[in-house]
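**Q** Sequence and predicted model, in that order:
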Amino acid sequence: MKRVSALALFLLSSVTVIAQKQLSQFVNPFIGTGGHGHTFPGAIVPFGMMQVSPDTRLDGWDGCSGYHYSDSVVYGFSHTHLSGTGCSDYGDILLMPVVQNISLDHYQYASVFSHKKEKATPGYYQVYLATPKVNVELTSTARCGMHRYTFPKNAAQSVVLDLKHRDEVLDSKLEVLDSFTLRGYRFSKAWARNQKVFFEIKFSKAIQQMDGLNTSSFVPFSISGKRIITQIHFRNDGKPLLVKVAVSAVDENGAHQNMQAEMLDWNFEKYRKAAKETWNKELAKIEVGGGTADQKTVFYTALYHCMTAPNIYSDVDGRYRGRDDKIHTTGGKFDYYTVFSLWDTYRAEHPLLTIIDPKRTNDIINTFIKEYEQGGILPVWELSSNETWCMIGYHAIPVIWDAYSKGIRGYDAAKAFEAMKHSAMTNYFGLGSYKKYGYVRSEDDYESVSKTLEYAYDDWCIAQMAKALGKTDDYNYFAKRAQNWKNVYDPTTGFMRARKNGTLTEPFSPYMVDNNFTEANSWQYSFSVQQDIDGLAAMLGGKEKFEDKLDALFHAKTETEGHQLDDIAGLVGQYAHGNEPSHHIAYLYNYVGKPEKEQAVVKYVIDSFYKNTPDGLIGNEDCGQMSAWYVMSAIGFYPVVHNRAEYEIGMPLFDSVKIGNTLITKKRFAAELAMGSGKHRVLRYHYFKDTVAYQFLDAHLEKDLINEIVPNPFIINAGRVFRDAQDITIQCADKNADIYYSFNNLEFARYNRPLPISQNANLKFYAQKGNVKSYVQEANFNRLPDDRSITLISPYVKQYNAGGPDALIDGLRGTLNWRKGNWQGFQQDFEAVVAFDKIKDVHQISIGFLEDQGAWIFYPKVISYWASDDSSHWNLIKTVVAGKAEHDEKVKMENFTLDKGFRAKYVKITAQNFGKLPEWHESAGKQSYLFIDELEIK
C-alpha cells in the first residue's frame with residue numbers, strides 16, 4: 001500500500017496533562033474473571049513472571065486461569081497463571097493457610113469465601129477465607145510474590161504447600177534448607193508438555209513442624225516424587241505470617257537470586273506500593289480525557305490486561321531456559337519472554353506495544369530469534385519454552401515486520417529474516433500442500449481455508465521485509481504466495497471455500513462451522529485478506545459490491561451451523577467479536593469510503609461487549625488481544641495491515657487521548673474525516689525523539705502487477721467416487737484465463753466443455769493467462785463397485801459427511817488425523833444397510849471406528865451384525881462389545897471384524913453410541929460422537 005497526498009500534519013511537543021497519574025485506580029482486575037473471559041484477579045506487575053492469584057477451579061474450560069467469578073470456594077493461592085487462554089495450564093506451587101490439622105487428601109483445606117470480602121487492584125489481591133477465618137493478602141514483583149496471612153488471635157497457624165495441584169506432575173522436589181527456607185521444583189505436563197518451575201520459599205516465622213513427609217526431622221530434609229504435599233506449622237505470636245516466593249525456569253539458585261534481587265526484606269506495604277507505582281507508570285503511557293467513570297475503568301483495565309502477557313522468562317542474571325530445554329543467557333542485552341498467543345496477539349496487542357513500548361518489542365523479537373536458533377522455528381504458540389503448536393499460521397512474522405517497518409530494529413534483522421523465511425518453507429501443518437498447490441487442500445490438512453488465508457498474509461509480511469532488505473528474489477516469491485488467498489475464493493458464492501480433490505466442497509454454507517476453518521465459518525474468514533482488500537473487492541465486483549458484502553455480514557442472522565463453539569460469541573450478524581478473525585472487519589468500511597459505517601459498528605461493539613463487570617468481556621481475553629482491540633479502537637485507530645505505522649482511522653471514544661507527548665482529540669479526528677468525505681483515509685505517525693507526529697493521509701493502492709497470479713481452477717459438482725459415469729466441470733475465478741487438463745499423465749489439452757468419465761481416472765489441470773500459469777491441480781476419481789450400494793438409516797452430522805452417503809464404502813480410509821474429513825460422524829446410534837445385486841457368500845465384515853475422547857469421539861458400546869435375503873426379516877449374526885468408559889487421551893482407530901461365513905443379499909450393521917460424556921470428561925453430560933470409516937464386506 002502506498003500512502004500519498006498529505007492533508008494534515010500536527011505536532012505537539014507539549015500538552016496539558018489531561019488525566020490523573022494515579023491511573024491504577026481505574027483498573028478493575030475482576031473484569032473478565034466471569035463469563036468466558038478467563039482472566040485472573042491476582043497480583044502481577046506489568047509482564048511479570050510472577051502471577052500470584054487465587055485458584056477457585058481445578059479444571060474445565062472456564063477454569064483455564066484457575067479462577068472463575070461464579071465460584072465460592074478457593075483451594076489456595078498459586079504463583080503462575082494464564083490470562084484469557086482457551087487451554088488450561090500453570091497453577092504452580094499452591095499455598096493455603098489453615099488453622100487446624102487437616103487431611104491432605106482431596107483439597108480438604110479448601111475454604112469458602114465471599115466476593116463481599118474480596119478486593120483486587122493492580123499488584124494487590126485480598127480475600128477473607130471464611131472457613132479458617134484468615135485474611136489473605138498478595139502482592140508481587142516481576143519474579144517474586146509475597147503473601148500476608150492474618151490469623152485469628154488464638155488460632156493455630158499453619159500453611160499447606162501442595163506441589164501436586166492441578167496439572168499432571170512429572171517430577172517434583174521439596175528441600176528444607178533451614179527453619180525458614182524451602183526450595184524445590186515442579187515439572188508438570190498439561191498444555192505445555194514439559195513445564196519446569198523452580199522455587200524458593202521463605203517464611204517470616206520459624207517452622208515448628210511439617211506433616212505428610214514421613215520424617216521426624218525436617219531440617220535439613222529433601223524429598224522427591226510426584227505427590228508432594230505438606231502442612232507446615234508455625235507458632236502464633238499474634239503477628240501475621242508473611243511468605244515470600246520466588247520462581248525461576250532455570251534452577252533453584254535462579255529462584256534464590258531472583259528473591260535476593262527483588263524481595264530481600266519483609267515489608268509487604270513497600271512491595272505493594274512499588275507494584276502500584278509500576279502500574280501507574282505503565283498505564284500513564286496512554287492518558288485519556290473525558291468519558292464516564294465506567295468508560296475509564298473499562299479502558300484502563302483493558303490496557304492493564306494488555307500488560308499481563310507475554311511474561312518475562314529470564315532471571316535477574318539473564319539466564320533462561322531455551323526451547324531446546326538448555327540454559328542460555330541474554331548477556332544482559334535483553335529480557336527473554338514467554339507466553340506467545342500469536343494467532344491472537346499479532347493483530348492488535350503487538351502493534352499496540354510498538355507504540356507504547358518499543359523497547360519491550362525489541363526484547364520480544366530478540367526472544368523470537370533465540371527461539372528460532374534454539375528451537376528450530378519461530379514461535380507459533382509458545383508456553384514456558386514448550387511449543388504447543390496451538391492455533392495456525394506463523395504469526396511471529398507480522399510482529400517482526402510491523403516493528404521493522406516502524407523503525408524498531410534493536411535486533412539482528414538478517415537473522416530475523418532468516419527465521420521468517422524458514423518458518424514459511426517448512427512442511428508443517430499443510431505448508432507442503434500450500435507450496436505445491438497454492439493453497440492447503442482439505443484432504444492434506446484440517447482448517448485448510450483458514451491456514452491458506454493466514455499463511456498468505458504472513459507471506460505478504462515476508463515479502464515486505466525482503467523488499468526492505470533488498471532481497472528481490474525472496475520478495476517476488478513471497479509476494480506471489482501472498483496472493484494465494486485467491487485459490488480458496490469461490491466466485492460462484494463470493495465466499496472463501498474449501499477444496500478437496502480439486503473440487504469445491506459440498507455441502508457448503510457460509511454459516512457452517514466445521515474443520516475447514518479455525519474457530520470460525522466462511523462468513524468470518526472471507527474478509528481475512530488484509531494484505532489485498534482492494535483485490536478482494538475487485539473479486540467481488542468492485543467497491544459497491546464489497547460494501548454490500550460487509551453490510552450483509554453485519555445484518556446476517558446470528559445463528560451458526562455445525563460446531564457450536566463458545567469462542568464464536570459477540571455476534572453482530574455473522575461478525576463474531578468474541579474471536580479474533582473478525583477483529584479487523586469493521587474497519588474495512590474505510591476502504592469503500594464509508595467511515596461512518598465503521599464508526600457505528602465499532603461504537604456498538606465498544607458499548608455492547610466491554611463492561612465494568614466480571615463478565616465484561618464477550619470472549620476469551622487471549623493474552624491481551626481482546627483488550628488491545630478495545631484500546632486501539634478507543635484511541636481512534638486500528639492496525640488492519642502491519643505496514644509503516646499506518647492505521648485505519650476510527651473515532652476516539654474520549655474527548656482527548658495523550659500518547660507520550662502527543663495529543664489526539666476527537667474534534668480533530670472529526671474535522672479530518674469531514675475534509676476527506678468519501679475517501680479512504682489513514683493515519684500515519686512518525687517518531688521525533690520523544691515526540692510523535694500524526695498525519696492524516698489519503699490511501700492509494702500500489703499494485704505489484706509483476707506478481708499477479710492466475711487463480712487455480714476448480715471442479716464443481718463432481719464426486720471423488722461415482723457410479724456408472726459423471727461429467728467433470730472445471731471453472732476459474734478469472735474468466736479470461738484458459739484452462740488445460742490431462743488425464744492419466746497424457747498431454748495437456750485445452751478445456752472447453754465438461755469432461756465425461758466412466759472409469760477410474762487421474763486428472764491434472766491448470767489455468768493460464770498470457771504467460772502466467774496457475775499451480776497445477778490434481779484430482780482422482782474412483783468408480784464404485786457395481787454389485788453393492790449402501791443406505792444410511794442414521795443421518796450423519798452435516799459437517800462430518802466424509803464426502804456423502806457412499807463414503808463408508810468408497811475405499812478411502814480415514815486416518816488418525818480425522819480433521820481432514822474422511823470420517824463420517826454420528827451423534828446417535830448408527831444403522832446402515834449394504835445391499836448386494838444378488839445373494840452372496842459373505843466371509844468377513846470389517847468396520848472401522850475412531851476414538852478421540854478429548855474431541856467427544858468414542859468407540860461404540862456394542863456392534864451388531866445382521867443378515868437378510870429380503871431386507872424385511874433379519875437374522876442377528878453376532879453382537880460384540882466394543883468401547884469402554886476408561887479415560888484414554890490417545891487418538892486411536894480400530895477395525896472391528898467379524899470372521900463368520902453366511903449367505904445374504906443384505907447386510908445390516910448397528911452400533912450403539914457411547915452416549916453422554918462421562919463424569920471425568922471436562923464436557924461431561926454432552927452427547928458423544930461415533931466416527932466411522934471404512935465398512936468392508938468380503
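**A** Perfect, I can see it now.
**Q** helices or strands next to the longest strand along the chain in the packing?
**A** In the chain, ranked by residue count with DSSP state E as the criterion, the top strand is strand 830-851. Packed against strand 830-851 by the contact rule (3 or more Cβ pairs under 8 Å, 6 or more residues apart in numbering; DSSP states H and E) you find strand 788-792, strand 862-868, strand 892-911, strand 930-937. Quick note: C-beta positions are derived from backbone N, CA and C, even for glycine.
**Q** closest to G34 out of these?
**A** Shortest distance between G34 and the helices and strands packed on strand 830-851, using Cβ to Cβ, is found for strand 930-937: 34.8 Å.
**Q** Within its sheet, name the partner strands of that closest one and how each one runs.
**A** Counting by DSSP bridges, the strands paired with strand 930-937 are strand 824-826 (antiparallel), strand 830-851 (antiparallel).
**Q** out of these, nearest to F47?
**A** Set against F47 and scored by Cβ to Cβ, the strands paired with strand 930-937 come closest in strand 830-851, at 41.1 Å.
**Q** and the helices and strands packed on strand 830-851, which is most packed in?
**A** strand 930-937 (a mean of 22; mean count of other Cβ atoms under 10 Å).
**Q** Could I get the CA-only coordinates of that one as CSV?
**A** What follows is strand 930-937, C-alpha atoms only, in CSV (Å, rounded to 0.1, in the frame of the first residue of the first chain):
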residue,chain,number,x,y,z
LEU,A,930,-19.3,-42.1,16.6
PHE,A,931,-16.7,-41.7,13.8
ILE,A,932,-16.9,-44.5,11.2
ASP,A,933,-14.8,-45.5,8.2
GLU,A,934,-14.5,-47.9,6.3
LEU,A,935,-17.2,-50.6,6.0
GLU,A,936,-15.7,-53.5,4.1
ILE,A,937,-17.5,-56.7,3.2
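**Q** how close does the closest residue to M96 other than its chain neighbours get to D786?
**A** Distance criterion Cβ to Cβ, 6 or more residues apart in numbering; nearest residue to M96, sequence neighbours excluded, is G76 at 3.5 Å. G76 sits 68 Å away from D786, going by Cβ to Cβ, to the nearest Å.
**Q** Looking at those two, which has the bigger crowd around it?
**A** Neighbours were tallied for G76 and for D786 using other Cβ atoms under 10 Å; the higher tally belongs to G76 (26 against 9).
**Q** Tell me where the longest helix sits in this structure.
**A** Once the chain is assigned using DSSP state H, the helix that runs over the most residues is helix 448-468.
**Q** domain assignment for this structure?
**A** Residue ranges for the structural domains of the chain, counted by automatic domain parsing, are given in the record as 24-283, 286-313+330-700, 710-783, 788-937.
**Q** Let me have those domains in JSON lines, extended by mean pLDDT.
**A** As requested, the domains of the chain are exported to JSON lines (pLDDT from 0 to 100):
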{"stretch": "domain 24-283", "mean pLDDT": "97"}
{"stretch": "domain 286-313+330-700", "mean pLDDT": "95"}
{"stretch": "domain 710-783", "mean pLDDT": "97"}
{"stretch": "domain 788-937", "mean pLDDT": "92"}
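**Q** okay, those domains in CSV with distance to R319 next?
**A** What follows is these, written out as CSV (distance: least, Cβ to Cβ, whole Å):
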stretch, distance to R319
domain 24-283, 5
domain 286-313+330-700, 8
domain 710-783, 47
domain 788-937, 34
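**Q** Report the contact partners of the residue nearest the centre of the chain.
**A** Geometric centre of the chain, nearest residue: M391, 5.0 Å, by Cα atoms, centre = their mean. By Cβ atoms under 8 Å, 6 or more residues apart in numbering, the contact set of M391 is S341, L342, W343, D344, V380, W381, T518.
**Q** give me that answer again for 10 Å
**A** Applying Cβ atoms under 10 Å, 6 or more residues apart in numbering, one finds that M391 lies in contact with 86, 341-344, 380-381, 447, 450, 454, 518-519, 580, 622.
**Q** and if you look at F826?
**A** Neighbouring residues of F826 by Cβ under 10 Å, 6+ apart: 792, 794-797, 800, 832, 860, 911, 913, 928-932.
**Q** now swap in W191 and tell me
**A** For W191, the contacting residues are 64, 82, 85-90, 167, 381, 383-384, 386, 388, 390, taking Cβ under 10 Å, 6+ apart as the criterion.
**Q** Now, these that are in helices?
**A** By the criterion of DSSP H, membership of those in helices covers no residue at all.
**Q** Any idea what F781 is bridged to?
**A** Judged by DSSP bridges, the bridge partners of F781 are A761.
**Q** Please disregard the earlier target; I meant F765.
**A** Y741, Q777.
**Q** How many neighbouring residues does Q260 have?
**A** Applying the criterion other Cβ under 10 Å, we find 13 residues in the vicinity of Q260.
**Q** So for the strand or helix carrying it, what gets flagged as buried?
**A** Taking DSSP states H and E as the definition, one finds Q260 inside helix 252-262. By 16 or more other Cβ atoms under 10 Å, the buried positions in helix 252-262 come out as E252, G254, A255, H256, Q257, N258, M259, A261, E262.
**Q** now the angle between helix 252-262 and the helix or strand that it is followed by, please.
**A** Along the chain past helix 252-262, the next helix or strand (assigned with DSSP H and E) turns out to be helix 268-283. In this structure, helix 268-283 runs at an angle of 90 degrees to helix 252-262, with axes from the mean of the first three to the mean of the last three Cα atoms, to 10 degrees as the basis.
**Q** Give the other helices and strands that helix 268-283 contacts.
**A** The criterion is 3 or more Cβ pairs under 10 Å, 6 or more residues apart in numbering; DSSP states H and E, and the helices and strands that helix 268-283 contacts are strand 111-121, strand 124-129, strand 134-140, strand 144-150, strand 241-248, helix 293-305.
**Q** For T388, give me its contacts.
**A** Remark: with contacts taken as Cβ under 10 Å, 6+ apart, T388 is in contact with C87, D89, A190, W191, A192, R193, F340, S341, P379, V380, W381, E382.
**Q** Same check on V99?
**A** V99 sits next to 129, 131-134, 151-152, 154-158, 236 when contact means Cβ under 10 Å, 6+ apart.
**Q** S114 versus that one, what's the distance?
**A** The span separating V99 from S114 equals 18 Å under the rule Cβ to Cβ.
**Q** for K359, same thing?
**A** For K359, the distance to S114 equals 42 Å [Cβ to Cβ].
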